[in-house]
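[1] Here is the input, now give the coordinates:
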Amino acid sequence: MKRYSITLISFFTWLFIFTGYCFSQELSPITIVAKGNNASGFALFKQIDVKQKDKNIFISPFSIAMAFGMAYEGASGNTAKEIASVFAFIPNDKERWDAFSAIYKTLNPDNAKYKLAIANAFWVQQNYPLLQSYTDVLKNYYHSEAYNVDFTYDENRENVVKQINAWAAKNTYDKIRKVLTMDDVKPLTRLVLTNAVYFKANWLYQFDKEQTKKEYFYIDSNKKIKTPMMMQRNVTIKYMENNNIKMIELPYEGKALSMFVILPKKDIKSIIPLLSTKIFESWRHDLMLEKVDVYLPKFKIECGYMLVEPLIKMGIKDAFNETKADFSKITGGKDLYISTVIHKTFCDVNEEGTEAAAVTAIVMNTKSMGSFDRKIFKADHPFIYAIVDNKTGVMLFLGKMVEPEYK
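    Prediction:
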């Protein structure tokens, strides 16, 4: 039996084609931010996959980039240089601020046919002096809420953890309830930066629940499982095929966002090294309207990641080093470093549509101190998926489904 690997690219995505970290000056600031977001998202996805080749993966490149945007505003020297090189942040302050603010407003629409909400916050130790220039940027351009808390005593620190987790739950509609534990914050913690992303939308062309049947999903050549497989026959959607993959675009109501599903013709391991904004955008460019029979597994997953190690491998080193970290634009001194980066995600794909959420927390401590032929698209083996905002090109979520289950 010939099998294909599917790469599902969907969820709040800023997926624009990106050829590197150097951009033409003709590109708009929003496009530059989106391209940097997507490039860093693919790079981080590959780093995580190194240690989770046989596991499901789901991340929000946008949530991570937004949180590090807030950290970058306080960075200086080589610390700032390394963060900017990974996320391709715009060097010009005003252009960067305006771009982040515009994207924030675009991704928090009023009266849309879908729910997409972004929230930022920073949690600062009581009486710990932050420069007003820094807090003004977070409030005015990242639309971030400010909270004064106490990390110094165990009882108070426990309350702060509960408060941050309650904030995460509120801003993800209870999909992510626990981001931090007592082990993640210390008496020397002085600042926590948080971002939350929530998305819920119905498919433009919904699947019929009565057509969902248990079918085999081929994890690899030696293992298969039965899983709920959704099905639509003879639906007109965008489709492309080449020597390596099949790909479809599944639009959500309103057509502002789409899920792109990429089905490798070999196994998924052959496709992951190819993933980049440039190649993905070339695949998107080749999409054409076709009549397609679509088979897509129904699944629900929750994931969590500690991101310090993969980010160090991507080139952010000084920010995590007590001796070298320079966040002097936050306090005026070099007394802070990043101790922990936590990323939690949730995704539910069913007959009606998709619900997804992500929370990123950066913990900062003081230094110690057109054809009529019907096509078949059957995602019956591991695939990659992501969600993209079609207006900005931002990749909000990116994932790998190895073993679907729905509980």
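[2] Which residue ranges of the stretch 1-150 of the chain form strands?
    7-9, 12-14, 57-59, 115-125, 144-149 (DSSP state E, counting those that start in this stretch).
[3] can you pull the contacts of Ile316?
    Glu82, Ile83, Val86 (C-beta atoms under 8 Å, 6 or more residues apart in numbering). All C-beta atoms are positioned from the backbone trio N, CA, C, and that covers glycine.
[4] Which of these sits closest to Gln132?
    Distances from Gln132 to the contacts of Ile316, taken as C-beta to C-beta, are shortest for Ile83 (22.0 Å).
[5] show me what contacts the closest one?
    Phe68, Ala71, Tyr72, Ala75, Phe89, Ile316, Ala319.
[6] Farthest pair within these?
    Going by C-beta to C-beta, the pair spanning those furthest: Phe89 and Ala319, at 13.2 Å.
[7] Go through the contacts of Ile316 and say which is closest to Leu180.
    Ile83 (21.9 Å).
[8] roughly how far apart are that closest one and Val341?
    12 Å (C-beta to C-beta, to the nearest Å).
[9] cool, Val388 as well?
    From Val388 across to Val341, the span is 24 Å (C-beta to C-beta).
[10] that older thread, which one of the strands of the stretch 1-150 of the chain lies closest to Thr345?
    Here strand 57-59 is closest among the strands of the stretch 1-150 of the chain (C-beta to C-beta), at 4.7 Å.
[11] Residues contacting the closest one, please?
    41, 44-45, 48-49, 301, 303, 305, 343, 345-347, 356, 358, 397-400.
[12] Show me the helices in the stretch 51-200 of the chain, by range?
    61-72, 77-87, 93-106, 132-140, 154-171 (DSSP state H, counting those that start in this stretch).
[13] which helices and strands does the fourth one pack with?
    The helices and strands touching helix 132-140, judged by 3 or more C-beta pairs under 8 Å, 6 or more residues apart in numbering; DSSP states H and E, are helix 93-106, strand 115-125, strand 144-149, helix 328-331.
[14] Can you lay out those as a markdown table showing mean neighbour count?
    Listed next are the helices and strands packed on helix 132-140 as a markdown table, based on neighbours: other C-beta atoms under 10 Å:
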| stretch | mean neighbour count |
| --- | --- |
| helix 93-106 | 17 |
| strand 115-125 | 21 |
| strand 144-149 | 16 |
| helix 328-331 | 21 |
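[15] For Asp27, report the pLDDT, please.
    No Asp there; residue 27 is Leu. For Leu27, the pLDDT comes out at 72.
[16] Touching, it and Ala34? I think so.
    No - using C-beta atoms under 8 Å, Leu27 makes no contact with Ala34, being 9.4 Å away.
[17] So what's the residue count around Arg233?
    Neighbours of Arg233 under the rule other C-beta atoms under 10 Å: 12.
[18] Closest to the geometric centre of the protein, which residue is that? Let me know.
    Ser60 (1.0 Å; C-alpha atoms, centre = their mean).
[19] element containing the nearest residue to it once chain neighbours are set aside, please.
    Of all residues not flanking Ser60 in the chain, Ala358 sits nearest, at 3.3 Å (C-beta to C-beta, 6 or more residues apart in numbering). Ala358 belongs to strand 353-366 when elements are defined using DSSP states H and E.
[20] biggest strand in the chain, by residue count?
    When the chain is parsed with DSSP state E, its longest strand is strand 223-241.
[21] So what's the gap between the next helix or strand after that strand and the chain middle?
    Using DSSP H and E, the next helix or strand after strand 223-241 towards the C-terminus is strand 245-251. Strand 245-251 sits 19 Å away from the centroid of its parent chain (C-alpha atoms, centre = their mean, to the nearest Å).
[22] how much does strand 245-251 deviate in direction from strand 223-241?
    Strand 245-251 runs at 80 degrees relative to strand 223-241, counting by axes from the mean of the first three to the mean of the last three C-alpha atoms, to 10 degrees.
[23] Show me what strand 245-251 is packed up against.
    Secondary elements touching strand 245-251 (3+ C-beta pairs under 8 Å, 6+ apart): strand 223-241, strand 257-264, helix 277-285, strand 288-297, strand 374-378.
[24] run the last query once more with 6 Å
    strand 223-241, strand 257-264 (3 or more C-beta pairs under 6 Å, 6 or more residues apart in numbering; DSSP states H and E).
[25] Other residues contacting that strand?
    204, 237-240, 258-264, 283, 287, 377 (C-beta atoms under 6 Å, 6 or more residues apart in numbering).
[26] And the furthest pair within those?
    Farthest pair in these, by C-beta to C-beta: Leu204 and Pro264, 25.2 Å.
[27] and these two? which has more neighbours close in?
    Pro264 (24 against 16).
[28] which residues touch Ala201?
    Here Ala201 is in contact with Tyr114, Tyr252, Gly353 (C-beta under 6 Å, 6+ apart).
[29] Buried residues, whichever strand or helix holds it. List them.
    Assigned by DSSP H and E, Ala201 belongs to strand 189-202. Neighbour-count burial for strand 189-202 flags 189-201 (criterion: 16 or more other C-beta atoms under 10 Å).
[30] ditto for stretch 235-253
    Within stretch 235-253, the residues scored as buried using 16+ other C-beta under 10 Å are 235, 237-241, 244-253.
[31] that older thread, who does the longest strand of the chain touch, helix- and strand-wise?
    Using 3+ C-beta pairs under 6 Å, 6+ apart: strand 223-241 touches strand 213-220, strand 245-251, strand 288-297.
[32] residues in contact with Ile164?
    Counted by C-beta under 6 Å, 6+ apart, Ile164 has contacts Leu180.
[33] ok, it to Phe42 distance?
    Taking C-beta to C-beta, one finds Ile164 at 29 Å from Phe42.
[34] Around the closest residue to Val402 other than its chain neighbours, how many other residues sit close by?
    Computed as C-beta to C-beta, 6+ apart, the closest residue to Val402 that is not its neighbour in sequence is Pro382, at 4.7 Å. Neighbour count for Pro382, taken as other C-beta under 10 Å: 27.
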